[in-house]
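Visitor: I would like to see how this sequence folds:
(2 chains)
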Amino acid sequence: MHKLMIVDDSNIIRNRIERSLKSLNIKIVAAASNGEEALSLYQKYKPEFITMDLTMPKMDGLECIKAITALNKEVNILVVSALSDKQTGLKALQYGARGFLCKPFNEEQLTLALQKLINRLKN
Amino acid sequence: MADLSTTQNQISIGKYKVLISLILLFLLLTVSMLATSLFATAKLTQATSIIDSASRQGAIIQEMAKNLMDVNLYLNEITQQNDENIETKQLNQQTLYRLKEIQNLQQQFNQNLNAFLNGGELRTASGETLNIEAIKNNPQAIQSLNYTQQIWEPYNGLMNNFLRSNQTGIINKQTSDYLVDYTREYNRALLSEQQHLAVALSNAINQQSKLWRAIQIAGIVIAFILFLFIVFGALRQLMQNDKRLAVANQEMNEIMSSVNEGLFLIDKNFIIAEQYSTRLEDILEQHDIAGKTLFELLTPYLPEEEIETTQTFIEQLYSEWVVEDLIEDLNPISRIKIKSNQSVGLGDEKYLDFRFFRVLHNDKIERVLVRVIDSTETVLLQMNLEQQREKEERETAMLSVIINTDSHLLAQFIKQSKERLEAINQSLEQTNRRHSQNQLREKVSSISKIIHSIKGESSALKLTRMVELCEKLEDILLKLKQKPELTGLDFLSMVVILEELFHLVDVLNNYSKTHPTAPPQIAANNEPAQITQLKTFAQDIAQRSEKKALLLTHDFDSNILPETQLTLLKDITIQLLRNAIVHGIETPENRLKKQKSPTGLIKLSLQDDGESWIFSAEDDGCGINFAKIREKALQRGDYSEAELNNLNQKQLLQLIFREDFSTAEKSNEDAGKGIGMGIIKNSIIKLKGKLSIQTQSDRYTRFTIRFPK
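Guide: Coordinates of the predicted model:
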């Protein structure tokens, strides 16, 4: 059972992600609505997977990614964000994210993306 | 996509195992041969010395014999008695010397013989000593040695006896005689035995030599054969490899030249590799691509920033932990538009799609494969489909509006629009070079009027797309009016728009044929559809002008008129309504200021006076603004100020019927193009009617038309 944390300031998105995960071998251990919360919850629960929104109040996604990968560079972060600026997305990867999923997404896409990350972990 | 197998590229030593072992064998053989040679040479040298020594034994015997004889002769000279001991003092030097010599020689012979028999130090001819082993495995030699020993021993004994004189100082003549006798007896035998020894030793060494030579020859032959094997083996391998390489190369070339996409590899420094697909040059319209950097390749198409973003993206692909499939959305050049020198579908532009794939070697990401696809066709197709879809949506929107329109009205509109559009079509078809400027301008003017009418009616029916198209045409026509010189070609740009108008009218026509639309609606208060339409029309215009207006029609029953007149009257009504609301009626605030009710009133009436009809449209707005008319005329340069001052009201009113005359500040759907009055004028002429205008500032404006039945 893999542990996952959802980081997104929208309740609706959090719920959608939660629904998508039902078919995978993943348990949601935490949900955060801003970067600071994400960081502290990460330290508490140490999830292997994180879905990260980039535009959030109180420490945006990029900063959060930086902070979390500083604690543990093996963490699997999937950025789930609206694609207004590809440069920001690329920056997220440079900071340590491992994948990018564009909003709006459907459940199938999210499930597939997470499955790919899991498979990568196995190799 | 590009997870290439890694082990194919390693240089596998296994293939060459056989060849290498053959080479090692060859080397081993060569070294052995060399060693054998050295050994043989050493042995031969030694043997030569030994044989030499053996021969020397013979010489020693001879010398000994001679010396013994000489001594004996001397002794015989100095004494005649036998068995007489002579003191050595009495001997001469020569003899003494000879005695020493004999002893020396005896020692040498002994030493060598001993060495031959038992091993030890051998004295060679050059005086060097050589340590040898006892002679074995040579029966001849051993036999000779044994014989020698047999003969020598007594001889040796006698000599020892004789030579004791060194210590005793006395020489015994008899012993000397015995020695000489012995010598005479056995000297020859001894000599020949030494010779036999030498020969036997020589034979032995010759045999060995033969053996070694044979071995060496065999060795050389084998080495040579091995060498041939190696050479041919290596050559064959080379040829096989070459062939395989050639085949692989050929296959690669075939793939690269026939694939329809641009494919190329870049390394970590973004340098493009030698091999790339042929089509790439075609797609990118560049040559000599190998060796360039990605930056150089993309510079003609993209700004520096975008290329840098692309490079940042590619760098992410090299990062092991990033999942390739999950960052596709971030590809900055998944589709770009470039200028092309090839004539493609749409002018000089091409659409290119770039995608990037990792290439693995031994599970390490070494390079990136770039795929470029020319997607111009697809994009154009998509755009066409989009346009189609939009068109259909508009038609659907139009139809959904029409659904509620009175069928009678609709039929009327369709018929009129068709006629009008046909008229325009005819006019355009007849445009040719022989037309003068005046004739062309006349065309522009008449087409403008027709379009204005269509616009009005479309607006009344809320057919927004048709209104839009009419406005587009009006824009074109306006530009043509302002153009200094007209040609027939200028009218071409209108054709496409006209076609769509025709198409829309057709759609309406088809729809109305297959769908019985709403029956002639009779509103709750028994009002005919026409009237309702006019009222709605008035409301729309009022709303757009941010005014409030109410249409009163209790005295206006247009249905009693015949159709032709009705149509014309309707045209006039529409224009008058519009003018009344846009120009006449004030904004609610202004009306309140003038102590009028905020809602303006427009009254239509149609009366019968026996021989003619009297139609009037009256609004309670601000009246005709003569000052504004003067201003506009001045602006247009129709009259000078002085002349304007001389014009009376009637003449001023005539001005507003001039082409393009409008006092509206800006033009929009409802006003400002200065065509409306022209239509009114034309329609009145067609009705054979007369117009009279009454107006009072801030109070009312009334248009009255009297026309025969």
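
Visitor: my guess is B:Leu463 meets B:Met398, correct?
Guide: Yes. Assessed by Cβ atoms under 8 Å, B:Leu463 is found in contact with B:Met398 at 5.7 Å. In short, each C-beta sits where N, CA and C put it, glycine included.

Visitor: neighbour-wise, which of those two wins?
Guide: Taking neighbours as other Cβ atoms under 10 Å in any protein chain shown, B:Leu463 and B:Met398 compare with B:Leu463 leading, 26 against 21.

Visitor: Now do the contacts for that one.
Guide: Contacts for B:Leu463 (Cβ atoms under 8 Å, 6 or more residues apart in numbering or on different chains) come out as B:398, B:401-402, B:504.

Visitor: What residues does chain A have near chain B?
Guide: A:78, A:83, A:86-87, A:89-90, A:93-94, A:97-102, A:113, A:116-117, A:120 (Cβ under 8 Å from any Cβ of the partner chain).

Visitor: Which of the residues you listed are buried? Put it as a PyMOL command.
Guide: Buried subset of the residues of chain A next to chain B, written as a PyMOL selection, criterion 16 or more other Cβ atoms under 10 Å in any protein chain shown:
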select buried, chain A and resi 78+86+87+89+90+93+94+97+98+99+100+101+113+116+117+120
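
Visitor: So which of the residues of chain A next to chain B sit within helices?
Guide: Judged by DSSP state H, helices contain the following of the residues of chain A next to chain B: A:86-87, A:89-90, A:93-94, A:113, A:116-117, A:120.

Visitor: Would you format those residues as a markdown table with pLDDT included?
Guide: Formatted as a markdown table, those follow (pLDDT from 0 to 100):
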| residue | pLDDT |
| --- | --- |
| A:Lys86 | 78 |
| A:Gln87 | 80 |
| A:Gly89 | 85 |
| A:Leu90 | 87 |
| A:Leu93 | 88 |
| A:Gln94 | 88 |
| A:Ala113 | 87 |
| A:Lys116 | 86 |
| A:Leu117 | 85 |
| A:Arg120 | 80 |
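
Visitor: now, the most widely separated pair of these?
Guide: Within those, A:Gln87 and A:Arg120 form the most distant pair, 24.5 Å apart (Cβ to Cβ).

Visitor: measure B:Lys481 to chain A for me?
Guide: 46 Å (Cβ to the nearest Cβ, to the nearest Å).

Visitor: In contact with that residue, which residues?
Guide: B:441, B:444, B:448, B:660.

Visitor: if I pick the second one, what's in contact with it?
Guide: B:Val444 makes contact with B:477, B:480-481, B:486, according to Cβ under 8 Å, 6+ apart.

Visitor: So it, which state does it fall into?
Guide: Of the three states, B:Val444 takes helix under DSSP: H, G, I helix; E, B strand; the rest coil.

Visitor: And the helices in chain A?
Guide: Under DSSP H, chain A gives helices at A:11-20, A:35-45, A:61-71, A:86-95, A:107-122.

Visitor: Out of the ones you listed, which gets nearest to B:Leu91?
Guide: helix A:107-122 (116.2 Å).

Visitor: Which of the contacts of B:Val444 sits closest to chain A?
Guide: B:Leu477 (42.6 Å; Cβ to the nearest Cβ).

Visitor: among the contacts of B:Val444, which two are most distant?
Guide: Checking the contacts of B:Val444 with Cβ to Cβ, the most distant pair is B:Leu477 and B:Leu486, at 11.2 Å.
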